[in-house]
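**Student:** Predicted model and sequence follow; I will ask about them next.
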Amino acid sequence: MFTKGLQEYSNIHVFANLASLGEANLKYETTRQWEIQIYGEATKVSVTYLPCKKILGEYVVSPVDLCHALNNYSPDLVWTNSPSVTSDIAQTYAILNGIPWVTTYHADSGPAWYGLVYSHLEAVLLRFATRIMVHSERYRKKLLRRGIRKEKIYIAPVAPYLAGFQPTSTVPDPQVCNPERKDAFLFVGVLDDAHKYKRPELLIQALANLRQLGTVVQLRIVGDGNCKDSLQRSTERLGVSQQVAFLGTLSPADLAREFQTAQGLVICSDSESEGYGIVAVEAMYYGLPVIVPKIVPVSEMVQRLGAGIVYDSSDANGLSSALLRLCGNETLRAACQRAARSSANELDWRKSIMPQQINPILSILCQKRS
């Protein structure tokens, strides 16, 4: 099996479980060198690094290197992460060589230099896929409208990543994961140009709006990147610098502690470039309510479970109202906490999520070998 560097951590779990089921010759191709040691040691999956180059704003593995690797592996199945130029090359290779291929379609976030043209070309390529995994009903409907046959598409949720590659199989202890909540809300995300769609500046503006109304809300921002300095300047300009703590990049253990003690997690992306919002799943696993805009796919799960607040508006005013609803209503917050904690079994990797992701893959491999 072959894949490019995956952006959703849960997919490496599938690899590990495939290996444990006897798929010993599993290969995981990554375009990010730091993953080699982490993934290789954690899953015992063979990991090979393929160097990539930045071409017109998009990181791309050389077609020569990619095809050479595929030829060496002689894969039973090619698994990619779309949209991505590197994935497109691997998928084209699979089509030309009659190899079944599966892709995880995570977001409408193709290369900016292709724009809408890329989306149309990608849709044509996806029609040749053996199966397409999406993480929400919204993206299933999107692909249907683009001419993908419904029997090719299946929905599989993503799993919490915080517990590493051996997620706990039990519901987190409420005494551990639900101490008396502090006043701070939590934002988790990369603070760089490539992730501007996460819009942390909206959250800072929302805090300023609430301050003008007489409500002081604390915020803790987890993440780092080249936009961090400008965000810090924004807090000073808006007069909320004393309310916002920039924590930088945290270890999984430290991030788990933040989830355990925050008042709520806030996602404020205003673009469908946010493919799912897996950080919300991680937060719910630790009993943390989530505030998320409707445009982000994970909002479907949050709303269904009653584990937070889903708001329609993607501006600072709409976000301010959502923050005020949660921090000003102890009864609502407690109900969201209970709903989030009770969802832990549904979010359990081995019991619930892994079978939904792995079964279609195993089915294709079994059909090929029979």
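**Tutor:** Structure's in. What do you need? Numbers count the residues shown, from 1 in each chain.

**Student:** quick one: pLDDT of the nearest residue to Ser343 once chain neighbours are set aside?
**Tutor:** Closest residue to Ser343 in three dimensions, ignoring its sequence neighbours and counting by C-beta to C-beta, 6 or more residues apart in numbering: Leu305, at 5.0 Å. Every residue, glycine included, has its C-beta placed from N, CA and C. In the predicted model, Leu305 carries a pLDDT score of 89.

**Student:** Test my guess that Leu305 contacts Arg338.
**Tutor:** No - Leu305 is beyond contact range of Arg338, at 10.3 Å (criterion: C-beta atoms under 8 Å).

**Student:** Can you pull the phi/psi pair for Ile155?
**Tutor:** Dihedral angles phi and psi of Ile155 (degrees, to the nearest 10) take the values phi -100, psi 130.

**Student:** Next up, the contacts around it.
**Tutor:** Each residue near Ile155 by C-beta atoms under 8 Å, 6 or more residues apart in numbering is listed here: Met133, Val134, His135, Ser136, Glu137, Arg140.

**Student:** where's Leu96 relative to His68, distance?
**Tutor:** Applying C-beta to C-beta, to the nearest Å, the value for Leu96 to His68 is 15 Å.

**Student:** Those two: which is more packed in?
**Tutor:** Comparing Leu96 with His68 by other C-beta atoms under 10 Å, the one with more neighbours is His68, at 12 against 9.

**Student:** what secondary structure does the more buried one sit in?
**Tutor:** For His68, the assignment made with DSSP: H, G, I helix; E, B strand; the rest coil gives helix.

**Student:** Now do the contacts for it.
**Tutor:** If a contact means C-beta under 8 Å, 6+ apart, then His68 has no contacts.

**Student:** Sketch out the strands for this protein, chain order is fine.
**Tutor:** Using DSSP state E, the strands assigned to the chain run over residues 27-30, 46-49, 52-55, 58-61, 78-82, 101-105, 131-134, 153-155, 184-188, 218-222, 244-248, 264-266, 290-293, 308-311.

**Student:** Quick one: the ones you listed as JSON lines, columns for distance to Ala90 and mean pLDDT too.
**Tutor:** Output for those, formatted as JSON lines (distance: least, C-beta to C-beta, whole Å; pLDDT from 0 to 100):
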{"stretch": "strand 27-30", "distance to Ala90": "9", "mean pLDDT": "45"}
{"stretch": "strand 46-49", "distance to Ala90": "14", "mean pLDDT": "58"}
{"stretch": "strand 52-55", "distance to Ala90": "13", "mean pLDDT": "74"}
{"stretch": "strand 58-61", "distance to Ala90": "9", "mean pLDDT": "75"}
{"stretch": "strand 78-82", "distance to Ala90": "5", "mean pLDDT": "83"}
{"stretch": "strand 101-105", "distance to Ala90": "8", "mean pLDDT": "88"}
{"stretch": "strand 131-134", "distance to Ala90": "14", "mean pLDDT": "90"}
{"stretch": "strand 153-155", "distance to Ala90": "19", "mean pLDDT": "89"}
{"stretch": "strand 184-188", "distance to Ala90": "30", "mean pLDDT": "94"}
{"stretch": "strand 218-222", "distance to Ala90": "33", "mean pLDDT": "94"}
{"stretch": "strand 244-248", "distance to Ala90": "35", "mean pLDDT": "94"}
{"stretch": "strand 264-266", "distance to Ala90": "34", "mean pLDDT": "94"}
{"stretch": "strand 290-293", "distance to Ala90": "32", "mean pLDDT": "93"}
{"stretch": "strand 308-311", "distance to Ala90": "36", "mean pLDDT": "92"}
